[in-house]
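>>> Any chance you can model this:
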Amino acid sequence: MGSLGNRMQSIRKRLTRSMTFNTKKEEQKKNGKVQPGDDPTSDAAKTDAAKPSKTDGDKVTPDTDKPASNPDSPLPKPAPKTNNNNNNNTPPPPKHQSAAYTLTTFEAHTVIDWHYQSQARYDTLQQEKYDLQAKHDKLQAEYHEVKDARANAVAKAKALRERCDELVAASVGLKRDVARLQVENDTLLEDFQKKAEMLDVQRARFETLEVEFAKHVCPVGVDVEKFLEAGRERLEGVE
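All right, here's what the predicted structure looks like:
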């Protein structure tokens with residue numbers, strides 16, 4: 001039996017040949033080259049085929065005893081036109097009809113099967129189209145989300161860069177202040193060391209003066225006059 005595709009291909013070829021034959025016949029009719037006997041469906045061919053004829057040697061004569069018409073005689077007048085005014089107003093059938101191609105039962109079932117298979121495949125492709133469209137819409141939505149997130153990330157990154165620049169500038173200012181304060185601290189430390197040395201000297205002088213002062217202080221329980229007299233004698237001895 002063959003596959004459905006091969007059967008359909010065979011039907012297409014036969015339809016193509018039939019359509020080509022009918023097209024050539026129509027062109028011949030338009031050009032006036034068609035002969036009454038060429039078209040098996042024409043009325044003239046049917047009429048000629050219905051009339052019996054007999055052969056006399058190489059001549060063909062009609063089945064009558066009348067002599068053949070003179071070739072110089074005028075043509076017979078055409079039959080008068082009849083008005084077919086019926087109730088249905090149906091036009092008369094065309095004189096020449098092209099031979100139509102009729103499908104066989106097997107070919108008709110083949111075409112129906114092919115139609116059902118094509119419809120099923122169309123439905124499948126349509127469903128796949130809808131699924132792909134849904135996936136496309138989902139991916140499009142995700143793309144827009146990623147695009148918006150990227151735009152927000154770019155804005156945040158820009159804000160962070162600006163904040164980082166501000167912090168870098170503040171850090172530079174703080175380093176400058178730290179260096180200035182370090183110089184001031186070193187100066188203060190140097191002054192403090194100098195003042196500490198001066199304080200040590202003054203403390204030593206104070207201790208010396210305190211010893212000298214203790215020498216000239218009258219102890220408790222000693223007569224002041226006697227103490228002063230002893231002091232005068234020491235001074236005189238020193239002199």
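>>> K29: neighbouring residues, count only.
Per other Cβ atoms under 10 Å, the neighbour tally for K29 reads 16. (Glycine included, C-beta is placed from N, CA and C.)
>>> An error on my part: the question was meant for R14.
Neighbours of R14 (other Cβ under 10 Å): 14.
>>> Name the residues of the helix or strand containing it that are buried.
Here R14, judged by DSSP states H and E, is contained in helix 4-31. Within helix 4-31, the residues that qualify as buried are R7, M8, I11, K25, K29, counting by 16 or more other Cβ atoms under 10 Å.
>>> quick one, strands of the chain?
Here the chain has its strands, by DSSP state E, at 53-56, 59-62.
>>> counting contacts, what elements does the lengthiest helix in the chain pack onto?
Counting residues, the longest helix found in the chain (DSSP state H) is helix 105-215. Where contact means 3 or more Cβ pairs under 8 Å, 6 or more residues apart in numbering; DSSP states H and E, helix 105-215 is packed against helix 4-31.
>>> And E142, how close does it get to A157?
22 Å (Cβ to Cβ, to the nearest Å).
>>> again, but for L174
Taking Cβ to Cβ, one finds L174 at 25 Å from A157.
>>> now Q28
To A157, Q28 is 82 Å away according to Cβ to Cβ.
>>> Give me the residues contacting stretch 104-116.
L4, R7, M8, I11, L103 (Cβ atoms under 8 Å, 6 or more residues apart in numbering).
>>> Report the buried residues of it.
E107, T110.
>>> CA-only coordinates of it in PDB, if you can.
Extracted C-alpha coordinates of stretch 104-116, given in PDB (Å, rounded to 0.1, in the frame of the first residue of the first chain):
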ATOM      1  CA  THR A 104     -11.200   7.100  -6.400                       C
ATOM      2  CA  THR A 105     -12.400   5.800  -3.000                       C
ATOM      3  CA  PHE A 106      -8.800   4.800  -2.100                       C
ATOM      4  CA  GLU A 107      -7.500   8.200  -3.100                       C
ATOM      5  CA  ALA A 108     -10.300  10.000  -1.300                       C
ATOM      6  CA  HIS A 109      -9.500   8.100   1.900                       C
ATOM      7  CA  THR A 110      -5.800   8.800   1.400                       C
ATOM      8  CA  VAL A 111      -6.600  12.600   1.100                       C
ATOM      9  CA  ILE A 112      -8.800  12.400   4.300                       C
ATOM     10  CA  ASP A 113      -6.100  10.600   6.200                       C
ATOM     11  CA  TRP A 114      -3.500  13.100   5.100                       C
ATOM     12  CA  HIS A 115      -5.900  15.900   6.100                       C
ATOM     13  CA  TYR A 116      -6.400  14.400   9.600                       C
END
